[in-house]
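Colleague: Sharing a model prediction with you, sequence too.
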Amino acid sequence: IRMTQSPASLSASLGETVNIECLASEDIYSDLAWYQQKPGKSPQLLIYNAKSLQNGVPSRFSGSGSGTQYSLKINSLQSDDVATYFCQQYNNYDTFGAGTKLELK
Amino acid sequence: QVQLQQSGAELAKPGTSVKLSCKASGYTFTSYYIYWVRQRPGQGLEWIGYIYPGNGGSYYSEKFKGKATFTTDTSSSTAYMLLGSLTPEDSAYYFCARRFYSSPSWFPYWGQGTLVTVSS
């Protein structure tokens, strides 16, 4: 299964809302996770099963979608959110999206 | 709590091998697959493969067959990945990870990563 993630990079202001999308090449039945990764660190799980928030993750992060289309939304962008974000499907083996690099404007 | 502790950074010469470790704690080591992932500088995440400590069974992504070899030591709850015939293109972070369930699911547990630098 191919995961097409967009945009590849994103520049946003503090307090803004941002959306990142992943498109699967076939139905993945919400078997999708989102991760945040900062330079030199391992990926940190944000969302699983497309919309379930991992324990300890701020509520400004949310996931949505079904079928082949999924989104990660970050409300009220904070400086700590500057990172690269990856989606991952686990419905049929595992595939990562290429990543979205989020920077501050 | 589940923890995966990886070995420290490696500096290796081309043509040599390095053996990375991933020590697990906080759960029954033999009940969950350990996955290995590569990330080149500034690049995305690539699956290398996985090993099941319960029986030693392993799977390698096509790209890494002949490059990576997985082993485990159940007595110390440690997984290993041997990377051979190193070239500068093998310079990357290498992560180990574990799923939430033993069946297909998300990855909440990651090692901190090992940076491998291949240079003469």
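Modeller: Received, thanks.
Colleague: Tell me how many other residues crowd A:A50.
Modeller: Neighbours of A:A50 under the rule other CB atoms under 10 Å in any protein chain shown: 22. The way it works is simple: take the backbone N, C-alpha and C, and place the C-beta from them, glycine included.
Colleague: With adjacent residues omitted, what lies nearest to it?
Modeller: A:S30 (4.0 Å; CB to CB, 6 or more residues apart in numbering or on different chains).
Colleague: Just give the number of residues close to that neighbour.
Modeller: A:S30: 18 surrounding residues under other CB under 10 Å.
Colleague: I'd say it and A:N49 touch.
Modeller: Yes: counting by CB atoms under 8 Å, A:S30 touches A:N49, with 5.7 Å between them.
Colleague: Can you tell me the centre-most residue of the chain?
Modeller: This is for chain A. A:W34 (4.0 Å; CA atoms, centre = their mean).
Colleague: ah, I was thinking of chain B
Modeller: B:W36 (3.5 Å).
Colleague: my guess is that residue meets B:A68, correct?
Modeller: Yes: if you go by CB under 8 Å, B:W36 and B:A68 touch, sitting 6.9 Å apart.
Colleague: what residues are shared contacts of the two?
Modeller: Listed as contacting both B:W36 and B:A68 by CB atoms under 8 Å, 6 or more residues apart in numbering or on different chains are B:48-49, B:81.
Colleague: picking up where we left off before, list the beta-bridge partners for the residue nearest to the centre of chain B.
Modeller: Under the criterion DSSP bridges, B:W36 forms beta bridges with B:G49, B:C96.
Colleague: A:T100 - how many residues pack around it?
Modeller: 22.
Colleague: interface residues of chain A facing chain B?
Modeller: Proximity of chain A to chain B, by CB under 8 Å from any CB of the partner chain, involves residues A:31, A:33, A:35, A:40-45, A:48-49, A:54, A:86, A:88, A:90-91, A:94, A:96-99.
Colleague: Buried members of those into ChimeraX, please.
Modeller: Applied in ChimeraX, the following selects the buried portion of these according to 16 or more other CB atoms under 10 Å in any protein chain shown:
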select /A:31,33,35,42,43,44,45,48,54,86,88,90,91,94,96,97,98,99
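Colleague: quick one, phi psi at B:T30?
Modeller: Backbone torsions of B:T30, given as degrees, to the nearest 10, read phi -80, psi 0.
Colleague: Let me see the ranges of the helices in chain B.
Modeller: Read by DSSP state H, chain B holds no helices at all.
Colleague: what's the pLDDT at B:S103?
Modeller: As predicted, B:S103 sits at a pLDDT of 87.
Colleague: ok, it - contacts?
Modeller: Shown in contact with B:S103 (CB under 8 Å, 6+ apart): no residues.
Colleague: now swap in A:T68 and tell me
Modeller: A:23-28.
Colleague: and the residues you listed as CSV, adding neighbour count?
Modeller: Output for these, formatted as CSV (neighbours: other CB atoms under 10 Å in any protein chain shown):
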residue, neighbour count
A:L23, 16
A:A24, 24
A:S25, 13
A:E26, 12
A:D27, 13
A:I28, 23
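Colleague: contacting residues around A:Y29?
Modeller: Residues near A:Y29 by CB under 8 Å, 6+ apart: A:N91.
Colleague: would it count as being in a helix?
Modeller: No: membership of A:Y29 in a helix is not supported by DSSP: H, G, I helix; E, B strand; the rest coil, which gives coil.
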